[in-house]
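Colleague: This is a predicted model, with the sequence first.
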Amino acid sequence: MTQENEAKDEWEPKIIGFLCNWCSYTGADLAGTSRLQYPPNIRIIKVMCSGRVNPQFILKAFQEGADGILVSGCHPGDCHYIEGNYHARRKLTLLMDLLDYMGVDSKRFQMSWVSASEGQKFAEVVTTFTNQIKEMGPQTKLRGVK
Amino acid sequence: MIDFKALEAEIKATAKKWLESGEVKFVIGYEKSPESPIARPFFAHTPEDTEKLYWGPDCINNLTLYLVEEMKKKPKKGQPPFTHAVGIVVKPCDSRTIVELMKEHMVPRERVKIIGVISEESINPDKLYLALKNVPASQRRNIRFHDAGENFRITYQGGELSVPKKELEADKCKVCVVHKAVIADVFVGTGEIEFKPDDFSDIKELEEMSEEERWKYWEQQMSRCVRCYACRDACPLCYCEECVFDREKPYRWVEKSVQVRENSFYHLVRAMHLAGRCIDCGECQRVCPMEIPIRQLNRFLIKKAKDRFKVFSGMNAEEKPMFGTYDLDDPGEEIK
Ligand code: SF4
Ligand code: SF4
Ligand code: FES
């Protein structure tokens, strides 16, 4: 095994999850209480609604060393505040486009709709996303490290 | 052919009328000093001042910047709110800024009286300086422009020269979709609203690059930015009382140091704040001392706003701001 591979094996991605209080956070809670397994790489930040997630949060998290970011909220139509997730969809999908345009792979930034009863889905989303980020390696561009 | 002198006379007459009747407190327009190759902002407070007003293809500034400043002024405590109107001379692109400002309730319609000039094109000052490079500095005075069909005849102290219009045309004018103010109280000049589709071909090359190439390109650009914030200060739509980049408390979003890491954060956030609002007046790029291609960021978001949400800024003051509303059918295939 080359040294590089060794280093890669030891490296564990840092993933930030912005979860809305009413659906996705409860969904994550359900995944926990149901003892579903998912990778421990995700650090969860509870927000009241996915609409609270300012594009700056995403960019700042990348800058501070996140390798992947997940924003998760209620399914369209189910937002506790009626329309927060529709606003989030507008803002954040546009941010994805902009990241790509800057040459930063927007696959590092994922959104998903997870309801309070979808503990299973939450575990799956986190597992797939973590594996994908592991595959992609560390995020260095916005962090400003070579 | 455009008779700049005639347009100027119409502007002067309108401004004079408004100032004499007291409809407006002052008129924001352009003047030409003997020294400056391009026109500069001018504030006419009295009917006599209007003599100084100027019009030409070198009226480049987006004057709505000063309109916002005036609208932001608050009376002293206990005094009634300001209601006075302000007159302003706008090019078609600048008129779209006013529409955008009205959408955001920054400029009430009744507080602005607009002289909308029908303009074919503005010039790019950099290109003008280039064209004038063989003229001795001592003669670069009293520069005036005359329309001569395909060319501009540029007269200066003790001489004149003829330059093809295409060589002086500002980049933003090449992709302009309106050639008449979209909102005005008085139109100056003749012409009809003419839409020519913008195909965004200027950013195509960048979009077609590979991701790594694109990052290389932007990393290089971002490494050059000195974060003087001139681009922010020149933008008429960047009018927050307290800018997030100046904030220290409760959290400092961006460090003072000039590095790719901080600069790209600045530019990404700035671009997002202008998304669906920027009308591509090009002021940000024009004032940049480092020639950072800021318009390429803005124009990408203009294109995406159109593709994704069918939003095109600055055309209709009745619309809601793009991020102030949503559509149940907004695309979101990326969301799993
Ligand atoms: S004007 Fe140019 S150098 Fe100054 S902050 Fe803007 S992009 Fe950077
Ligand atoms: S971002 Fe630049 S082009 Fe857009 S409105 Fe502001 S100054 Fe004009
Ligand atoms: S409360 Fe869950 S997305 Fe708004």
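Modeller: Structure received. Numbering: from 1, shown residues only, chains lettered A, B, ... in the order given. Ligands and ions are numbered 1, 2, ... in the order given.
Colleague: Have a look at chain B and report its longest strand.
Modeller: In chain B, assigned by DSSP state E, the strand with the most residues is strand B:24-31.
Colleague: pLDDT averaged over the next helix or strand after that one, what's the number?
Modeller: Once the chain leaves strand B:24-31, the next helix or strand it forms, by DSSP states H and E, is strand B:40-44. Averaged over strand B:40-44, pLDDT sits at 97.
Colleague: in strand B:40-44, what's buried?
Modeller: By neighbour count on 16 or more other C-beta atoms under 10 Å in any protein chain shown, the buried set for strand B:40-44 is B:42-44. Every C-beta, even on glycine, is put in place using the N, C-alpha and C of the backbone.
Colleague: Residues in contact with the longest strand of chain B: which ones?
Modeller: For strand B:24-31, contacts defined as C-beta atoms under 8 Å, 6 or more residues apart in numbering or on different chains pick out B:11, B:15, B:18-19, B:39-45, B:50, B:52-56, B:59, B:61, B:63, B:66-67, B:84-89, B:113, B:115.
Colleague: which regions of the chain sit below the pLDDT cut-off?
Modeller: This is for chain A. A:1-9, A:146 (pLDDT under 70).
Colleague: try again with chain B
Modeller: Scanning chain B for pLDDT under 70 picks out the ranges B:191-195.
Colleague: Can you give me the domain boundaries for it?
Modeller: Here the domain parsing of chain B from automatic domain parsing is B:4-188, B:201-324.
Colleague: distance between the ends of the longest one?
Modeller: When the termini of domain B:4-188 are compared using C-alpha to C-alpha, to the nearest Å, they are 11 Å apart.
Colleague: How many neighbouring residues does the residue nearest to residue B:322 when sequence neighbours are not counted have?
Modeller: Nearest residue to residue B:322 in three dimensions, chain neighbours excluded: residue B:276, at 2.8 Å (C-beta to C-beta, 6 or more residues apart in numbering or on different chains). Counted with other C-beta atoms under 10 Å in any protein chain shown, the neighbours of residue B:276 add up to 24.
Colleague: Tell me if I am right that residue B:276 is in a helix.
Modeller: No. The assignment for residue B:276, made by DSSP: H, G, I helix; E, B strand; the rest coil, is coil rather than a helix.
Colleague: So whichever residue of the stretch 151-300 of chain B sits closest to ligand 3: helix, strand or coil?
Modeller: Residue of the stretch 151-300 of chain B nearest ligand 3, by C-beta to the nearest ligand atom: residue B:272 (19.8 Å). Following three-state DSSP, the label given to residue B:272 is helix.
Colleague: what do you get for residue A:112?
Modeller: Put simply, residue A:112 is strand when judged by three-state DSSP.
Colleague: So which residues on chain B come close to ligand 1?
Modeller: Counting by C-beta under 6 Å from any ligand atom, the positions of chain B adjacent to ligand 1 are B:225-231, B:287-290, B:292, B:294.
Colleague: Drop anything exposed from these.
Modeller: Buried members of these, scored by 16+ other C-beta under 10 Å, are B:225, B:227, B:230-231, B:287-288, B:292, B:294.
Colleague: Which single one of the residues you listed is nearest to residue B:280?
Modeller: Distance to residue B:280, by C-beta to C-beta, is smallest for residue B:294 among those, at 10.6 Å.
Colleague: List the contacts of the closest one.
Modeller: Residue B:294 touches B:231, B:267, B:284-285, B:288, counting by C-beta under 8 Å, 6+ apart.
Colleague: With residue B:119 instead?
Modeller: B:2, B:57, B:91-92, B:179, B:189 are the contacts of residue B:119 under C-beta under 8 Å, 6+ apart.
Colleague: go on, residue A:132?
Modeller: Residue A:132 makes contacts with A:68, A:107, as judged by C-beta under 8 Å, 6+ apart.
Colleague: next one: residue B:206
Modeller: Neighbour list for residue B:206: A:101, B:214, B:217, B:296, B:300 [criterion: C-beta under 8 Å, 6+ apart].
Colleague: Could you measure from the second one over to residue A:99?
Modeller: Distance of residue B:214 to residue A:99, computed by C-beta to C-beta, to the nearest Å: 11 Å.
Colleague: How is residue B:319 classified with respect to secondary structure?
Modeller: Three-state assignment for residue B:319 (three-state DSSP): coil.
Colleague: Would you tell me which residues of chain A are close to ligand 3?
Modeller: Near ligand 3, when you scan chain A using C-beta under 6 Å from any ligand atom, you find A:20, A:22-23, A:49-51, A:73-74, A:79-81, A:84-85.
Colleague: Any chance of a ChimeraX selection covering the buried ones in those residues?
Modeller: ChimeraX command restricting those to the buried ones, with burial defined by 16+ other C-beta under 10 Å:
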select /A:20,22,23,49,50,51,73,74,79,84,85
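Colleague: Please, where are all the helices along chain A?
Modeller: For chain A, the helices defined by DSSP state H occupy A:3-10, A:24-33, A:55-63, A:84-102, A:119-136.
Colleague: Does ligand 2 have contacts with stretch A:93-102?
Modeller: No. Looking at stretch A:93-102 against ligand 2 by C-beta under 6 Å from any ligand atom, there are no contacts, and the closest approach is 13.9 Å.
Colleague: Stretch B:301-321 too?
Modeller: No. Judged by C-beta under 6 Å from any ligand atom, stretch B:301-321 and ligand 2 are separated, with a smallest distance of 8.5 Å.
Colleague: partner residues bridging residue B:114?
Modeller: Note on residue B:114: beta-bridge partners by DSSP bridges are residue B:88.
Colleague: list the contacts for it?
Modeller: Residues counted as contacts of residue B:114 (C-beta under 8 Å, 6+ apart) are B:87-88, B:90, B:95, B:98, B:181, B:183-186.
Colleague: Tell me the secondary structure at residue B:326.
Modeller: Using three-state DSSP as the criterion, the local structure at residue B:326 reads coil.
Colleague: Next, work out how far apart it and residue B:308 are.
Modeller: From residue B:326 over to residue B:308 the distance is 11 Å, taken as C-beta to C-beta.
Colleague: Same check on residue B:244?
Modeller: Going from residue B:244 to residue B:308 by C-beta to C-beta gives 24 Å.
Colleague: Same check on residue B:61?
Modeller: Residue B:61 is 32 Å from residue B:308, by C-beta to C-beta.
Colleague: contacting residues for residue B:51?
Modeller: By C-beta under 8 Å, 6+ apart, the contact set of residue B:51 is residue B:12.
Colleague: Now residue 31: closest residue in space that isn't a chain neighbour?
Modeller: Since no chain was named, I'll use chain A. Looking at residue A:31 with C-beta to C-beta, 6+ apart, the closest residue is residue A:119, at 3.9 Å.
Colleague: let's do chain B instead
Modeller: Distances taken as C-beta to C-beta, 6+ apart put residue B:42 closest to residue B:31, at 3.5 Å, once the chain neighbours are dropped.
Colleague: Check residue B:162 too.
Modeller: Nearest residue to residue B:162 in three dimensions, chain neighbours excluded: residue B:151, at 4.7 Å (C-beta to C-beta, 6+ apart).
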